[in-house]
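Engineer: Here you go, sequence then predicted model.
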Amino acid sequence: MKLRASVVAMLVTLFLVYGCGTNDNQASKPSTVKVVDTAGILTKKVVRKIEDTYAFPPDSPILVRTIKTLKRSEAAAVATEMMQAEGYWESVRPKHFWEKMTGDKPDATGTYILVSQEPRLIQIRFGERVRLQAYRAGLAVGDQYLTIQTRYLSGALSPDAALKEALDTISNAMRN
């Protein structure tokens, strides 16, 4: 009986020490943009500037990924699947035991921007905890999203300029 009580006490202690809450220091730092240019379509100067300049509210990580090709008919589904499969979210929003038990996904507050070279498409996805706000702001559908997509698709903007325009639009909407 004493052994069982000791084991229970130890498990409760471990749960409290390692399982609850997040690192408050990490949660209070502004989120930055991480760019993964797998297609090599962005200039290094712009990638550095984006990663060094943009700051978003705490716990609002943004990941940009470029790819060479994407089937236009599958773009929406592929972007959603790729966002969910990204290991990056776990590194910026590590989940402790309790958060895992409650179903809070690492990408729940994230924004994912997928830029393809061929065809020239930008797909923006939002985690489940910020999606409604993105819809209301016209970032997930609507005029702002359509403008971002159309200007890049038409060739009016380079990949660098299109990405900066998308980030500016998202940044402005998050401030409001």
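Structural biologist: Yep, it's here.
Engineer: what pLDDT does the closest residue to Pro119 other than its chain neighbours get?
Structural biologist: Using Cβ to Cβ, 6 or more residues apart in numbering and skipping residues adjacent in sequence, the residue nearest Pro119 is Arg72, 5.3 Å away. From N, CA and C alone the C-beta is placed, and that goes for glycine too. Reported pLDDT at Arg72 in the predicted model: 91.
Engineer: Give me the phi and psi angles of Arg72.
Structural biologist: Main-chain dihedrals, Arg72, degrees, to the nearest 10: phi -60, psi -40.
Engineer: Am I right that it is in contact with Leu121?
Structural biologist: Yes. Counting by Cβ atoms under 8 Å, Arg72 sits close enough to Leu121 to count as a contact (6.9 Å).
Engineer: Looking at those two, which has the bigger crowd around it?
Structural biologist: Neighbour comparison, Arg72 and Leu121: the larger count goes to Leu121, with 20 against 11 (by other Cβ atoms under 10 Å).
Engineer: For whichever strand or helix holds Trp89, which outside residues touch it?
Structural biologist: Trp89 belongs to helix 88-92 when elements are defined using DSSP states H and E. Surrounding helix 88-92, the residues in contact under the criterion Cβ atoms under 8 Å, 6 or more residues apart in numbering are Ser31, Lys34, Val36, Pro61, Leu63, Lys105, Pro106, Asp107, Gly110.
Engineer: quick one: the second one from Thr147, how far?
Structural biologist: Spelled out, that is Lys34. Between Lys34 and Thr147 the computed distance is 24 Å (Cβ to Cβ, to the nearest Å).
Engineer: Those two: which has the busier surroundings?
Structural biologist: Regarding Lys34 and Thr147, a neighbour count based on other Cβ under 10 Å identifies Lys34 as having more, with 17 against 14.
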